[in-house]
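Peer 1: Just a sequence and a predicted model for now, questions to come.
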Amino acid sequence: MHGTPLSTHPPPETLALSTHGLRRTFGDFVAVEGIDLAVPQGSFYGFLGPNGAGKSTTIKCLTGLLRPSAGTMRILGRDPERDAVEVKRRVGVVPEDLALFDRLTGAENLAFVARVHGLERQTFEARARELLELLELDGAASVLAADYSHGMRKKLSLAMALLPSPRLLFLDEPFEGIDAVSSRQVKQFLHEFTTRGGTVFLTSHVLEIVERLADHVGIIDHGRLVAQGPIASLRADGRESASLEDLFLGIVGASANRGERALEWLGA
Amino acid sequence: MTGVRSPRLLAAFVWLRWRALVHGLRGRRRGGAARVGAWLELAASLPLAALTVVGSLLLAWGAWNAGRRLAGGDPGGVAVAALRVAAAIVTVVLAFLSLLSGGRGTAAGWTRMLLLPVSRAELHALALLSGFADPWLLATVLPLATLAVALAPAGAAALPVAAAAGALLFTVIGMLGTWLSFLVQLLFRDRRRAELVVLAAFLTMMAFSLVPQVVDQWARGARRSRPAAPALSTDGATRDRPPERSPEDSGTRSQERPDEVSVAAGWLALIPSEAFAGAVGAARSRPLAALPPLAALAAEAALLYALSRAAWRRLVETPATGSQRSRRLALPRLASPGSLLGHPALAVARVQVAVTLRTIVGRIGVVTPVLMVVTTAAVADATRGPIARLAPLLGATAVLALGPLSMFVFHNILLNQFGADGAGLSLQVLSPLDERAIVAGKALGGAALTAVALAPAMVAAAIFHPRTPALLWPATVVAATAAYLLFAPAALMLSLLFAKAVDLGHMGSKGKPHAAASLGGMAVVAIVLACVQLVAFVGLRLGGPAGALVAESMLAVLAAAFSLPALVLVARALPARREAVLLAIRSA
């Protein structure tokens, strides 16, 4: 294990999210094999891994979309399986499928979230207007989500995750398909969110974004957590100047130069 | 016509279709329920395949007899008439099936092909070839070939003419099907346009059921305008004799018609089935007379090829258009969170109603009971026969069936309540909603939908059956409540056990629930309908309309006593099935 050993993790009360021995299988296939996550409160945690490593399965277990086969989880000091509703009140999620009702308009999707979170009318209207304007969806608020572009759907899903003012955000590839202007704004307010004590758990394949935003990372490979901790701690042992991409490739065992020698017939 | 230049391309395409078929049959089956559903779907397709084979054999038998009769001179022209009718029916049925399959398919599968170094003309040829591989179309090959063989003894030219006519008719039907399929795909690229088309088609089909009344009215009008029949003689000899026409009158009529008839006949001869029958009819004695209809068929094939190519080019070269309408930002009004209206279960119910009423399946559900009331009244009025005589017997309890009917029209949604939510189900799972709120919300949403369909149907029934006893109307509402209370837990449990990803913008298999849920749901509705009708019948016999109201109220109380604990059981089952439902939706 690279990074911080589990024994040196911050005390549990300062963790927004922790898992112990989290395991998930599909028949004989082990998707996640006993991972121990430790996400400090107020951190921006980048969860990285190659395709098929188990990132989505982990995030689905953490958000209640999948039930773990084994292990324990604590989210904001609670057991998400026992206190599912209370945990969900404090958590916002942008999942892989974006979780939108296609036959509701953007504004109606937001209203559904407001209703199930029990938001007051004035609070909902003020927050919804601000979110829709910030994400440049105000002109399309009365359009069915089915008629949104992919980027608009992602922004709407993000607005729905933010509307109840959660303490912890799970974001699965939040910047994919979002235009540069909105992307910059999202990055800015996510940074502000963490400085106010909120926690972000983000998965992304764009390592440059993670490197710029995240202060902690966890790297999963073949269902196992192979590295975790502050980015600075991963850069120890003479790798101070290494980029996150180099660190990531070094940890998951892929050779950066492999591409140079491969496919020699290409362009010949 | 551009052919497929490379046999390798054709082989690759055949292999692709084959692998898609194999993987489609194997599928990714999670759990016993999905496996049962897969077997049920396979079982449902077997009678269809058997029907195709039997239909092909029957047509071949008919074609053999027609061919032999034609070879023998066809006294009375019976064989040509039969060929004309059979060819017309086959053409219409196959065109209709192409429309349906076009509605189900999309051009998205061609995107990968378009990126390959294959010309668009070749891809179009491949699309045409795949159209000719349609099993329904292939089923016509045997009858067409049989007809040509049966005609062979009639003369040297008979076989080649009949074979050419058959080949050309086959080509025309294939091209027509492909063109219609492309047209439907073009229409369906726009969601709103597709929904309008489906709704219009549905209403048109329903309107056809009014034809008997229209015909009846027309016939009555014709009888009234006819000159009075001669007075009856004592022996009644002239009782049913039509009024006699003078020779001058007949002559004038016959002089007016020939031009119109010949012009109409000329155009009708261009219809593929007519051209085919014309060519085959002339094959025995006048082979040269078969050339114009054969040329017409060839020209039609070429025209349809050009049309299908134009539609194909438009399909693959122009982007699909969205239906975005930019409006002023208007946010929905929220009830106070502490109030009853602010309960999270009502948020689920509200979403269920809004989502359903924005789908084609939901809109059709709302109008169906009204249309059924109207058409039933119209047909009963038109026939004035056995149905009208049965009306007094059925009338009293028939109105009580409106509740189960209004519930059943939403079976596509109510039997797949979790699958119909699509990604919206993930949103509900991620939201701070407990299982009871989700189940209660869905049950309330279903009840609201039933009420939305029931109310206009009751108004229509009141208009068409004004002499219905007043107490039967509240009895109908109570009966609907009882029916829904009995149905709701079963529907929710079936939705949990057999969730399926659906597109409710489609009327075909894409919009239908799981086969197992459908079968189970139909059985439950039948039982519920029988309960409601039996209770109404007993109540009416014992105490008239008031008795029916009391009896239905008692049934509603019993149904509530059953339904509420049953809904709690469904809520308890939800956590255990939640993951399987989510996976079933995602794996589609």
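Peer 2: Ah, there it is. Residues are numbered from 1 along each chain as shown, chains lettered A, B, ... in the order given.

Peer 1: which parts of the longest helix anywhere in chain A are buried?
Peer 2: Taking DSSP state H as the criterion, chain A has its longest helix at helix A:180-195. Applying a neighbour-count criterion of 16 or more other CB atoms under 10 Å in any protein chain shown, one finds A:182, A:183, A:186, A:190, A:193, A:194 buried in helix A:180-195. No exception for glycine: its C-beta is placed from N, CA and C like everyone else's.

Peer 1: which residue packs closest to the second one, ignoring adjacent ones?
Peer 2: Excluding the flanking residues, the one nearest residue A:183 by CB to CB, 6 or more residues apart in numbering or on different chains is residue A:175, at 5.3 Å.

Peer 1: I'd guessed the one you found sits against residue A:206; true?
Peer 2: Yes: with contact defined as CB atoms under 8 Å, residue A:175 counts as touching residue A:206 (6.6 Å).

Peer 1: between the two, which one's more packed in?
Peer 2: The residue with more neighbours, out of residue A:175 and residue A:206, is residue A:175; 20 against 11, by other CB atoms under 10 Å in any protein chain shown.

Peer 1: which residues does the more buried one contact?
Peer 2: By CB atoms under 8 Å, 6 or more residues apart in numbering or on different chains, residue A:175 lies in contact with A:183, A:186, A:187, A:204, A:206, A:209.

Peer 1: Ramachandran coordinates for the fifth one?
Peer 2: Right, residue A:206. In terms of degrees, to the nearest 10, the main-chain angles of residue A:206 are phi -90, psi 100.

Peer 1: Would you mind measuring from it to residue A:183?
Peer 2: For residue A:206, the distance to residue A:183 (CB to CB, to the nearest Å) stands at 10 Å.

Peer 1: isn't residue A:220 right up against residue A:56?
Peer 2: No: using CB under 8 Å, residue A:220 is not in contact with residue A:56, being 10.4 Å away.

Peer 1: With neighbour numbers in mind, choose between the two.
Peer 2: Taking other CB under 10 Å, residue A:220 and residue A:56 do not tie; residue A:220 has more neighbours (25 against 20).

Peer 1: Show the pLDDT at the more buried one.
Peer 2: Per-residue confidence at residue A:220 stands at 94 (pLDDT).

Peer 1: which non-adjacent residue is nearest it?
Peer 2: Using CB to CB, 6+ apart, the closest residue to residue A:220 is residue A:49 (3.9 Å).

Peer 1: about what we covered before: which members of the contacts of residue A:175 are the farthest-apart pair?
Peer 2: With distances taken as CB to CB, the most widely separated pair in the contacts of residue A:175 is A:186 and A:206, at 13.1 Å.

Peer 1: Please see if the longest helix anywhere in chain B touches chain A.
Peer 2: Longest helix of chain B, by residue count under DSSP H: helix B:515-586. Yes: counting by CB under 8 Å from any CB of the partner chain, contacts between helix B:515-586 and chain A involve B:579, B:582, B:586.

Peer 1: residues touching the first one, list them.
Peer 2: Pointing back at residue B:579 there. Residues near residue B:579 by CB under 8 Å, 6+ apart: A:65, A:66, A:67.

Peer 1: List only buried entries from those residues.
Peer 2: The buried subset of the contacts of residue B:579 - by 16+ other CB under 10 Å - is A:65, A:66.

Peer 1: Pop out the phi and psi values for residue A:104.
Peer 2: In this entry, residue A:104 is assigned phi and psi values of phi -110, psi 150 (degrees, to the nearest 10).

Peer 1: what about it, distance to chain B?
Peer 2: Here the criterion is CB to the nearest CB, to the nearest Å. By it, residue A:104 lies 6 Å from chain B.

Peer 1: So residue B:513 sits against residue B:498, correct?
Peer 2: Yes: at 7.1 Å, residue B:513 counts as touching residue B:498 under the criterion of CB under 8 Å.

Peer 1: any common contacting residues for these two?
Peer 2: Both residue B:513 and residue B:498 are in contact with B:415, B:416, where contact means CB under 8 Å, 6+ apart.

Peer 1: So the residue nearest to residue A:183 belongs to a helix, correct?
Peer 2: No: read with DSSP: H, G, I helix; E, B strand; the rest coil, residue A:175 is coil and lies in no helix.

Peer 1: Look at it and report its pLDDT.
Peer 2: Listed pLDDT for residue A:175 reads 89.
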